[in-house]
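K.L.:
This is the structure alone, sequence omitted:
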């Protein structure tokens, strides 16, 4: 069990739990407003939702909402000439309630070349100075097969994405999978990262 001192509130401490939590991700069909996905707890109570580009009307833009529909994270891919000559693309997650200034909370570096992408060279940088001592995070494994982890700078998993064995027969399409999040880790941050991975790998958030 995590102590209050070990909480890592990248988006908000309101989304940090003192115990391990298992959430369920259910992808929306592309035909429903352009896609996205819904996140529930194990009793099917909605916790988060992610709107894809079909709903927002913009490519390479995602919006994470809480259970009440309030915006938590606006996630965009940064483009431009500099990126065109780089070996990575950068996704930036901004904490916002649309009433005040946006605050950059994390940057996810997506390799442009697929050979690097297949080697799981996906790093996540936390932009908060208060949390800089935790270092960067990295994606390990295969998100396409829903078998991957988000690990910290020491290589310890902070979240595991997978399909439960007893559900494999009904989840071969990978439209339903679980996310196990370690104590103290910000759930909204983890789901924001998953939203980017879903888009990168041509998931339900992408038009």
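P.N.:
On my side now, so go ahead. Everything numeric in this text was worked out from a predicted model, so none of it was measured.

K.L.:
For the protein, which segments count as helices?
P.N.:
53-56, 81-84, 114-118, 187-200 (DSSP state H).

K.L.:
Average pLDDT for the second one, rounded please.
P.N.:
Per-residue pLDDT values across helix 81-84 average out to 50.

K.L.:
same check, this time on the longest one
P.N.:
For helix 187-200, the mean per-residue pLDDT is 96.

K.L.:
got it, and the third one?
P.N.:
Along helix 114-118, the predicted confidence averages to a pLDDT of 52.

K.L.:
what number of residues lie near residue 6?
P.N.:
12 (other C-beta atoms under 10 Å). For the C-beta atoms, the positions are set from N, CA and C on the backbone; glycine is no exception.

K.L.:
my guess is it meets residue 183, correct?
P.N.:
Yes: the criterion here is C-beta atoms under 8 Å, and residue 6 meets it with residue 183 at 7.5 Å.

K.L.:
Quick check: neighbours shared by those two?
P.N.:
Residues touching both residue 6 and residue 183 (C-beta atoms under 8 Å, 6 or more residues apart in numbering): none.

K.L.:
gap between stretch 133-149 and the chain center?
P.N.:
Computed by C-alpha atoms, centre = their mean, to the nearest Å, the separation of stretch 133-149 from the middle of its chain amounts to 10 Å.

K.L.:
residues touching the nearest residue to residue 206 once chain neighbours are set aside, list them.
P.N.:
Ranked by C-beta to C-beta, 6 or more residues apart in numbering and with sequence neighbours excluded, the top spatial neighbour of residue 206 is residue 199, at 5.0 Å. Counting by C-beta under 8 Å, 6+ apart, residue 199 touches 52, 53, 60, 62, 205, 206.

K.L.:
Just put those residues in CSV and tack on neighbour count and distance to residue 38.
P.N.:
Shown next, in CSV, are the contacts of residue 199 (neighbours: other C-beta atoms under 10 Å; distance: C-beta to C-beta, whole Å):
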residue, neighbour count, distance to residue 38
52, 27, 12
53, 19, 17
60, 16, 21
62, 26, 14
205, 31, 12
206, 19, 16
